[in-house]
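Visitor: have a look at this prediction, sequence included:
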Amino acid sequence: MSKIFITRLIPDFGLNLVRESFPSLDIWFDELPPSREQLIERARGVDGLLCLLTDKIDDKVMDAIGPQLKVISSMSVGVDHIDIAAATARGIPVGNTPGVLTDATADQAFALMLSAARRIVEGERFLKAGKWVTWQPNMLLGADFSGSTLGIVGFGRIGQAIAKRAQGFDMRVLYHSPNAKSAYGAQPVDLDTLLRESDFVSINVPLTSQTKHLVNAEFLAKMKPNAVLVNTARGGVLDQNALYNALKSNKIFAAALDVTDPEPLPLDCPLLELENCIIVPHLGSASKKTRDMMSLLAAQNLIAGLNGERLTNCVNSEVYK
Ligand code: DGY
């Protein structure tokens with residue numbers, strides 16, 4: 001019987017499917033993820049690993065698990081926590097969960113963009129602090145959506161779903177994404193044009209060695225002073241010190257971050273002092289239906305890998321060549 005380790009309690013949708021075929025699976029039940037040592041100890045000798053984006057699965061971890069490991073299935077679309085090259089070198093397919101979180105993440109990008117542009121969080125703080133004395137013509141003025149330009153950096157599934165939503169807000173949409181075809185009336189442009197012309201900039205690229213700190217001081221300096229930056233991709237794509245300086249000196253109007261580096265964000269992070277920065281704890285895919293579907297896809301990938309079948313969603317399909 002195959003041995004399985006699941007690194008956290010996942011929704012029943014996926015868990016029950018795995019349990020039907022592999023009742024003796026091992027689960028890490030704590031609220032916090034296993035430490036590296038704990039993960040290695042529990043995963044040593046398993047045939048299948050179902051992990052989350054909080055688990056770093058690198059070369060050494062794969063070595064420690066052992067040569068019998070047949071599949072790594074992550075309940076996430078992003079796989080920057082897994083050393084894909086190391087898995088491929090071992091012939092281990094790595095599964096992820098694309099598609100099912102597209103709408104939830106695009107909704108979150110819009111919720112954050114609206115909140116930052118219309119100063120929703122700041123307004124609520126203002127009210128709760130007893131500062132609302134009367135309606136005033138100049139109180140907490142924000143940015144308009146209608147007629148503005150949205151620039152999407154990374155035009156994959158989520159980027160396109162954001163463009164689709166932008167049509168309903170009468171926004172002009174630009175995108176920068178090598179090789180991506182246009183959709184929803186969005187216009188491909190080079191990055192400098194996007195930054196120069198956009199009132200809203202949405203980051204939707206995966207974290208790789210090429211995109212690490214893509215949003216740096218130089219990137220931010222090219223944005224408009226009225227611009228709002230939204231990141232629902234990965235915290236590592238953004239240089240947080242550079243963002244702090246840009247927001248503090250009003251080089252850009254506001255930012256809204258669903259993701260940070262590190263996660264969780266330490267409470268002494270200077271970004272938390274700023275009124276023009278909204279930060280939420282990586283909630284892009286946090287809807288019940290979406291998490292159910294993510295767990296289901298992760299379970300299906302795990303089971304396929306254990307049965308020696310091709311994973312439905314495999315990020316390193318070279319292993320099948
Ligand atoms: C993912 O699946 O990579 C997302 O970041 C989860 O919200």
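Guide: Alright, I've got the coordinates.

Visitor: list the contacts of the residue of the stretch 201-321 of the chain found nearest the ligand.
Guide: For the stretch 201-321 of the chain and the ligand, the shortest gap (Cβ to the nearest ligand atom) falls at residue 285, measuring 3.5 Å. Any C-beta I mention is one placed from the backbone N, CA and C, and that applies to glycine too. When contacts are counted by Cβ atoms under 8 Å, 6 or more residues apart in numbering, residue 285 touches 77, 101, 104-105, 291, 294.

Visitor: in which helix or strand would I find it?
Guide: Taking DSSP states H and E as the definition, one finds residue 285 inside no helix or strand.

Visitor: and what of the one 5 residues further on?
Guide: Assignment of secondary structure by DSSP H and E places residue 290 within helix 288-306.

Visitor: tally of neighbours for the residue lying closest to residue 110 once chain neighbours are set aside?
Guide: Closest residue in space to residue 110, ignoring its immediate chain neighbours: residue 165 at 5.3 Å, by Cβ to Cβ, 6 or more residues apart in numbering. If you count neighbours by other Cβ atoms under 10 Å, residue 165 ends up with 19.

Visitor: ditto for the one 4 residues further on
Guide: Neighbour count for residue 169, taken as other Cβ under 10 Å: 17.

Visitor: show the pLDDT at it.
Guide: Per-residue confidence (pLDDT) for residue 169: 98.

Visitor: pull the number of nearby residues for residue 249.
Guide: Residues near residue 249, counting by other Cβ under 10 Å: 8.

Visitor: for residue 242, that is, sorry about that
Guide: 18.

Visitor: double-check it against residue 214; I have them as touching.
Guide: No. Between residue 242 and residue 214 no contact is recorded; they are 10.9 Å apart, counting by Cβ atoms under 8 Å.

Visitor: angles on the backbone of residue 17, please.
Guide: Dihedral pair for residue 17: phi -60, psi -40, per degrees, to the nearest 10.

Visitor: once you drop chain neighbours, what's closest to it?
Guide: Nearest residue to residue 17 in three dimensions, chain neighbours excluded: residue 299, at 4.3 Å (Cβ to Cβ, 6+ apart).

Visitor: next, count neighbours for that neighbour.
Guide: Once other Cβ under 10 Å is used to define contacts, residue 299 is seen to have 28 neighbours.
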